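Peer 1: Generate a structure from the sequence data that follows.
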Amino acid sequence: MPSNCHNYQKIHSRRDFINKLGMGLGGLSLATLMNPVSATSMGAGTQVQGGLIGAIPAKAKRVIYLFQSGAPSQQDLFDYKPKLRDLHGQELPESVRKGQRLTGMTSGQGSFPLAGSVFNFRQYGQSGKWLSDRLPYLGQVADEICWVQSMYTEAINHDPAVMFFQTGSQFPGRPSMGAWASYGLGSLNKNFPSFVVLLSKGLNGGAQPLYPRSWGSAFLPSQHQGVQFRAGIDPVLYLNNPAGITRTARRNQLDRLRELQELQRAESKDPEIDARIAQYEMAFRMQASVPDLMDTKEPDYIYDMYGPESKKPGTYAANCLLARRLAEKDVRFIQLYHRGWDAHGNAPGVVKNQSYDTDQASAALIMDLKQRGLLEDTLVIWGGEFGRTAYSQGKLTIDNYGRDHHPQAFTMWMAGGGVKPGLIYGKTDDFSYNIVENPVHVHDFQATVMRLLGIDHEALTYKHQGRRFRLTDVHGKVVNDLLS
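Peer 2: Predicted coordinates:
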């Protein structure tokens, strides 16, 4: 038997002991919680595998990303197309379609009748932005918003399209935008995660599932993944101490656990051990900070501003209000996912319900941030994973139609955080089918968001499996026209 066999067996057993101890000290799922301290949070000029963080002046300190899962219909909300209504029921010209691919849900249709919106539009503000009558509250803040009407993507189905927006790749396995921001910039508040996720489901339900990989850290250190806050008395699972465990006892346990894990780190050189230690410490601090955040009561005029649903935990309105509180706590990246926008049938009904869910609260968030002096350095983003077709999926009537997925042209909007207020950027054709002016690709959007945060999207990289990865892969350019 080799002379070092006994030493190997002792080390192996000790590692088993430490791993088992880490799982059994009441830490439970605390390892899924986040540490706000980034590996690159040492200040301006920090080197990050290929670039300098802090070398670009940041216009935004934090992001609130209102992701509309299922894909809103731009023709029924933002992109006014009177000709589409005039040609209601007529065939979509082949010259417009230009042989573009369709989903399997409409590729077999023998006809592609144009579907003009059933909703009326009017102009708002000094910008003269046309908006659907389903968005009266958003119309009140139209001049605070930077409207991008020429977004396009490469994905044509929901899951890869969501992944593309969130991670820069249609395939799982890449870090999310929030994780990149956390890794590159670190935390502004040691008592909260740098990346928080909130989920809500609209009146139409949540037909399209959302997966944690959309807010995951992938190969980045795990403390940069998003922490999901849930509705109810326990917003973060397994955060509270088990019965009989005092805060002092928990503190002592964590101190001993740190000592053991530092021994393991010295032997194994595994950086994830540092992440695990940081996660336990973050969870300990959150035991005090999170209940205080969730128990905050707002004045009645604030609830009135956000709408009647804002007092119901887990709704979109309540999550928008919670996002404002998180912004006040200097959480770096706040991601809201709101499901229910999929509109293959009864698009008018879907739009009506979803706009009820989102219009007032989205506008209130902008107004609330502004009145507190937070809008200037908070970037608010609203949009889905792709757009909707100008033609009807399934049967078309005077007042009803469906709309299939459409990646070639759709609308997103941003507010605050260094974008130009009241700007209407980009233009589509008479059917909102193709972009005719200033196209903005998903990677361009991501590069622009990073730029607003003070990050050069080409410089923030991470070496994994022999290659340096970044959010925008090898693509993307900053859309400087959007910057104030």
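Peer 1: tell me the contacts of the most centrally placed residue in the chain?
Peer 2: With distances taken as CA atoms, centre = their mean, the residue of the chain nearest its centroid is residue 335 (4.0 Å). With contacts defined as CB atoms under 8 Å, 6 or more residues apart in numbering, residue 335 is in contact with 65, 67, 176, 178, 195, 196, 197, 198, 215, 226. Where C-beta positions appear, they are placed from N, C-alpha and C, glycine not excepted.
Peer 1: Also residue 208?
Peer 2: Going by CB under 8 Å, 6+ apart, the list of residues near residue 208 reads 69, 70, 158, 159, 162, 339, 342.
Peer 1: do residue 310 as well
Peer 2: 302, 303, 317, 318, 320, 321, 361.
Peer 1: Closest to residue 106 out of the residues you listed?
Peer 2: residue 361 (32.3 Å; CB to CB).
Peer 1: low-scoring stretches of the stretch 301-450 of the chain, by residue?
Peer 2: For the stretch 301-450 of the chain, not a single residue meets the criterion pLDDT under 70.
Peer 1: what about the strands in it?
Peer 2: With DSSP state E, counting those that start in this stretch as the criterion, the stretch 301-450 of the chain has strands at 333-339, 378-383, 387-388, 405-406, 410-415, 424-425, 427-428, 435-437, 440-441.
Peer 1: One more: the stretch 51-200 of the chain?
Peer 2: 52-53, 62-69, 121-124, 129-132, 145-152, 195-201.
Peer 1: Dump these to a markdown table, plus distance to residue 452 and mean pLDDT.
Peer 2: Formatted as a markdown table, the strands of the stretch 51-200 of the chain follow (distance: least, CB to CB, whole Å; pLDDT from 0 to 100):
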| stretch | distance to residue 452 | mean pLDDT |
| --- | --- | --- |
| strand 52-53 | 14 | 54 |
| strand 62-69 | 8 | 98 |
| strand 121-124 | 25 | 98 |
| strand 129-132 | 21 | 98 |
| strand 145-152 | 11 | 98 |
| strand 195-201 | 17 | 96 |
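Peer 1: okay, the ones you listed in CSV with distance to residue 220 next?
Peer 2: Listed next are the strands of the stretch 51-200 of the chain as CSV, based on distance: least, CB to CB, whole Å:
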stretch, distance to residue 220
strand 52-53, 14
strand 62-69, 17
strand 121-124, 41
strand 129-132, 38
strand 145-152, 26
strand 195-201, 11
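Peer 1: Compare these and report which one is nearest to residue 461.
Peer 2: Short answer: strand 52-53, nearest of the strands of the stretch 51-200 of the chain by CB to CB, at 11.1 Å.
Peer 1: circling back: now distance to residue 353 too, for the strands of the stretch 301-450 of the chain, in TSV please.
Peer 2: Formatted as TSV, those follow (distance: least, CB to CB, whole Å):
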stretch	distance to residue 353
strand 333-339	12
strand 378-383	17
strand 387-388	15
strand 405-406	19
strand 410-415	19
strand 424-425	27
strand 427-428	25
strand 435-437	28
strand 440-441	28
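Peer 1: Can you tell me how far residue 324 is from residue 305?
Peer 2: For residue 324, the distance to residue 305 (CB to CB, to the nearest Å) stands at 10 Å.
Peer 1: oh, I was asking about residue 91
Peer 2: According to CB to CB, residue 91 and residue 305 sit 46 Å apart.
Peer 1: Compare those two (neighbour count), which wins?
Peer 2: Counted by other CB atoms under 10 Å, residue 91 and residue 305 do not tie: residue 305 has more neighbours, with 21 against 11.
Peer 1: what about the closest residue to that one other than its chain neighbours, how many neighbours?
Peer 2: Setting aside the residues directly before and after it, residue 305 is nearest to residue 364 in space (CB to CB, 6 or more residues apart in numbering), at 4.5 Å. Residue 364 has 24 neighbours, counted by other CB under 10 Å.
Peer 1: ok, residue 364 - contacts?
Peer 2: Counting by CB under 8 Å, 6+ apart, residue 364 makes contact with 137, 305, 306, 307, 317, 320, 321.
Peer 1: OK, contacts around the fourth one?
Peer 2: Just to be clear, that refers to residue 307. Applying CB under 8 Å, 6+ apart to residue 307 gives the contacts 317, 360, 361, 364.
Peer 1: Identify the residue nearest residue 96 in space, chain neighbours excluded?
Peer 2: residue 433 (5.2 Å).
Peer 1: ok, the one you found to residue 220 distance?
Peer 2: As judged by CB to CB, residue 433 and residue 220 stand 38 Å apart.
Peer 1: got it, and residue 204?
Peer 2: From residue 204 to residue 220 the distance is 34 Å (CB to CB).
Peer 1: before we move on, back to that, and the contacts of residue 307, which are buried?
Peer 2: For these, a burial check counting by 16 or more other CB atoms under 10 Å picks out 317, 360, 361, 364.
Peer 1: Which members of these occur in helices, if any?
Peer 2: 317, 360, 361, 364 (DSSP state H).
Peer 1: Do you have the helices of the stretch 251-400 of the chain handy? List them.
Peer 2: 271-294, 300-306, 316-328, 347-371 (DSSP state H, counting those that start in this stretch).
Peer 1: In a markdown table, list the ones you listed along with distance to residue 110.
Peer 2: Shown next, in a markdown table, are the helices of the stretch 251-400 of the chain (distance: least, CB to CB, whole Å):
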| stretch | distance to residue 110 |
| --- | --- |
| helix 271-294 | 54 |
| helix 300-306 | 46 |
| helix 316-328 | 38 |
| helix 347-371 | 20 |
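Peer 1: To residue 231, which of the ones you listed lies closest?
Peer 2: helix 316-328 (7.4 Å).
Peer 1: any residues touching the closest one, and which ones?
Peer 2: 62, 64, 66, 192, 196, 198-200, 202, 229, 231, 293-294, 296, 298, 302-303, 306-312, 334, 336, 338, 357-358, 360-362, 364-365, 368-369, 372, 374, 378.
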